[in-house]
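> Quick check, what structure comes out for this input:
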Amino acid sequence: MPANDFDHLREWIGRTEARRDFLAPASLSALSALLDRDDPPPREGDPLPPLAHWLYFLPVHRQSLVGPDGHLARGEFIPPVPLPRRMWAGSRLEFLRPLHVGTEATRTSRIADVKVKQGRSGDLVFVTVRHEVAEGAGTAVVDEHDIVFRSESGQAVADAVPAPTGEAWRREIRPDPVLLFRYSAVTFNGHRIHYDHPYVTQVEGYPGLVVHGPLTATLLVDLLRRNAPELTLKSFSFRARRPLFDTASFFTCGTADTAARTARLWTRDHEGALTMEATACW
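Reported below is the predicted structural model:
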């Protein structure tokens, strides 16, 4: 489609929505279980771990409003991009102060940008949503989230780029359908590419169930927490480079520069390809 066919989508820039939620401990216990952690039960007043805000402010839309891919039909808050395929491309997060178990919080979201690009797979539309999560003391988390939409035709999986080697930390992850279902359940994520094998293979053209981008990012932060539990994150950013599937194991990898207070994190698939890259600062 010509680029000017997407011009009207920029009218959504600046559109906002706000949601309130109670930061209940049950969601944190569920996340800890699916990450295979032996954390103590969360108590009121405990700080939430990094990225745990993704467990709240969930998209609890009526069933009649859900589109064929399992997401809310577009055109209300998210612009009505006329491309059928949707993926989480990356995020940039700042952790300004802790959120706490047992409190009420507000997430204010704004469409920050809409960009049209041409890729090997055809038209691409990137929608950037800026979320600000606040408790009583003020804004605690700023989360800029990039969503990419693409056409049905074209290459579903990008060419492989070799992942870095020489990591200080590494953990093997087996992304079976149970793990993907549990993450979909705890985040109320209805996107069918994560649990509906006939749909993801026959309609979207992938070789297996797709591992959630935010789950992969959470596993990278979990790797850091396992190896440097004393750190308090100040920022975290990640970019998805290639999908991961339930067809094979992958590795979360990382190395830290303690002098610079940064860590480089990435995922490597079973063929040695880079699938996500991230930077954490504390």
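> alpha carbons only for contacts and neighbour counts from here, please
Fine.
> in the stretch 1-150 of the chain, which ranges drop under the pLDDT threshold?
1-4, 74-75, 119-121 (pLDDT under 70).
> and what of the stretch 151-282 of the chain?
153-157.
> please redo it, this time with the cut-off set to 80
The stretch 151-282 of the chain contains residues with pLDDT under 80 at 152-159.
> which residues sit in contact with the spatially most central residue of the chain?
Centroid-nearest residue in the chain: Pro214, 2.4 Å away (criterion: C-alpha atoms, centre = their mean). Applying C-alpha atoms under 8 Å, 6 or more residues apart in numbering to Pro214 gives the contacts Trp88.
> and if you look at Arg150?
Contacts of Arg150 (C-alpha under 8 Å, 6+ apart): Leu83, Pro84, Arg85, Arg86, Ser121, Gly122, Asp123, Leu124, Val125.
> From Leu215, how far off is the nearest residue to the second one once chain neighbours are set aside?
Leaving aside its sequence neighbours, Pro84 sits nearest to Ser151 (C-alpha to C-alpha, 6 or more residues apart in numbering; 5.9 Å). Between Ser151 and Leu215 the distance is 24 Å, computed by C-alpha to C-alpha, to the nearest Å.
> now swap in Phe22 and tell me
22 Å.
> more neighbours, these two?
Taking neighbours as other C-alpha atoms under 10 Å, Phe22 and Leu215 compare with Leu215 leading, 18 against 14.
> helix or strand for the more buried one, which one?
Element membership of Leu215 [criterion: DSSP states H and E] is helix 213-227.
> hang on, Arg85 packs against Val125?
No: at 10.3 Å, Arg85 and Val125 do not qualify as touching, with contact defined as C-alpha atoms under 8 Å.
> Pull up the overlap in contacts between these two.
Phe149, Arg150.
> give the contact list for the residue nearest to Pro84.
Leu83, Pro84, Arg85, Ser121, Gly122, Asp123, Leu124.
> With Asn189 instead?
Pro59, His71, Tyr183.
> so how far is the helix holding Leu215 from its chain's centroid?
11 Å (C-alpha atoms, centre = their mean, to the nearest Å).
> before we move on, back to that, now the buried members of the contacts of Arg150.
Arg85, Arg86, Asp123, Leu124, Val125 (16 or more other C-alpha atoms under 10 Å).
> Among the residues you listed, which lie within strands?
Arg85, Arg86, Asp123, Leu124, Val125 (DSSP state E).
> So what sits opposite the fourth one in the bridge?
Meaning Leu124. Judged by DSSP bridges, the bridge partners of Leu124 are Lys117, Arg150.
> where's it relative to Pro84, distance?
11 Å.
> shared neighbours of these two, anything?
Joint contacts of Leu124 and Pro84 (C-alpha under 8 Å, 6+ apart) are Phe149, Arg150, Ser151.
> Please render those as JSON lines that adds distance to Leu220 to the earlier fields.
Output for the shared contacts of Leu124 and Pro84, formatted as JSON lines (distance: C-alpha to C-alpha, whole Å):
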{"residue": "Phe149", "distance to Leu220": "24"}
{"residue": "Arg150", "distance to Leu220": "26"}
{"residue": "Ser151", "distance to Leu220": "29"}
